[in-house]
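>>> Pasting a predicted model and its sequence here:
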Amino acid sequence: NAGVTQTPKFRVLKTGQSMTLLCAQDMNHEYMYWYRQDPGMGLRLIHYSVGEGTTAKGEVPDGYNVSRLKKQNFLLGLESAAPSQTSVYFCASSPMRQGPVAVGEQYFGPGTRLTVT
Amino acid sequence: GNSVTQMEGPVTLSEEAFLTINCTYTATGYPSLFWYVQYPGEGLQLLLKATKADDKGSNKGFEATYRKETTSFHLEKGSVQVSDSAVYFCALINAGKSTFGDGTTLTVKP
């Protein structure tokens, strides 16, 4: 049981390049999330998904796109990278419900450190 | 919208001191509340949770009580250890959408 994995762990991009970050979970969780973490700013929600085939915007969605074609995978895309997108990106998943109780605890991946020059 | 406000850090304590990290929130409805911990170079790990008013979450000597009347979820520990040094995040989930505080860095000195 690998939990939540993220690919790649590190990446350096030039301004204007594109890339896709992959998040995979093997816990059969319904909900998945993408965050960015910047110094002194905590975690900010980029996009999230409440189930396969559905996505929703978070707090800072501009410049990012996501897809959830399979329940276990959540992809984060940067179409045209900018230096302001230099950050550490975390993916998380959540079962949201355990029986009749909405729990909502999240399980985090190890992060992807992205630098845009 | 939802928001979470944590006490500003960093916090530096001596070993065996009492810890309080304040957290207040604004949200409509009935959010679930969480404390997460992050060690250097790692992702966040759930520390404790509470899903309804007056619930007390506890784990590894840490405690927090969901206070709806004061919209607070303060983290406490009676006697901190050097190994508790980390960044602590307060968070809520409301209708599937999550909101995190900015984090509080705790350093415990021997």
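Structure received.

>>> so how far is the strand or helix carrying A:Thr55 off the chain centroid?
Assigned by DSSP states H and E, A:Thr55 falls within strand A:54-57. Relative to its parent chain, strand A:54-57 has a centroid offset of 12 Å by C-alpha atoms, centre = their mean, to the nearest Å.

>>> what packs against the following helix or strand past that strand?
As assigned by DSSP H and E, the chain's next helix or strand after strand A:54-57 is strand A:65-67. Judged by 3 or more C-beta pairs under 8 Å, 6 or more residues apart in numbering or on different chains; DSSP states H and E, the packing partners of strand A:65-67 are strand A:43-51, strand A:73-78. C-beta: built from backbone N, CA, C; applies to glycine.

>>> about what we covered before: check which residues of the strand holding A:Thr55 are buried.
A:Thr55 (16 or more other C-beta atoms under 10 Å in any protein chain shown).

>>> mind listing what it pairs with, with the direction of each?
For strand A:54-57, the paired strands and their directions (DSSP bridges) are strand A:43-51 (antiparallel).

>>> can you state the direction angle for the strand it pairs with and strand A:73-78?
For strand A:43-51 against strand A:73-78, the angle by axes from the mean of the first three to the mean of the last three C-alpha atoms, to 10 degrees is 130 degrees.

>>> Quick check: which element contains the residue nearest the centre of chain A?
In chain A, the C-alpha nearest the mean C-alpha coordinate belongs to A:Trp34, at 2.4 Å (C-alpha atoms, centre = their mean). Under the criterion of DSSP H and E, A:Trp34 resides in strand A:31-37.

>>> and the angle from that strand to strand A:73-78?
On the basis of the same axes, to 10 degrees, strand A:31-37 is oriented at 30 degrees to strand A:73-78.

>>> Please list the outside residues in contact with strand A:31-37.
Residues from elsewhere that reach strand A:31-37, judged by C-beta atoms under 8 Å, 6 or more residues apart in numbering or on different chains: A:21, A:23, A:25, A:43-51, A:58, A:60, A:64, A:66, A:68, A:74, A:76, A:85, A:87-96, A:104, A:106, A:111, B:96, B:98, B:100.

>>> So for the residue lying closest to B:Asn22 once chain neighbours are set aside, what's the pLDDT?
Leaving out its chain neighbours, the residue that sits closest to B:Asn22 by C-beta to C-beta, 6 or more residues apart in numbering or on different chains is B:Met7, at 4.1 Å. Residue-level confidence at B:Met7 comes out at 83, pLDDT.

>>> How about B:Arg67?
96.

>>> and it, bridged to which residues?
Here B:Arg67 sits in beta bridges with B:Ser72, as judged by DSSP bridges.

>>> Give me every residue in chain B lying close to chain A.
B:32, B:34, B:36, B:42-46, B:49, B:51, B:89, B:91, B:93, B:96-103 (C-beta under 8 Å from any C-beta of the partner chain).
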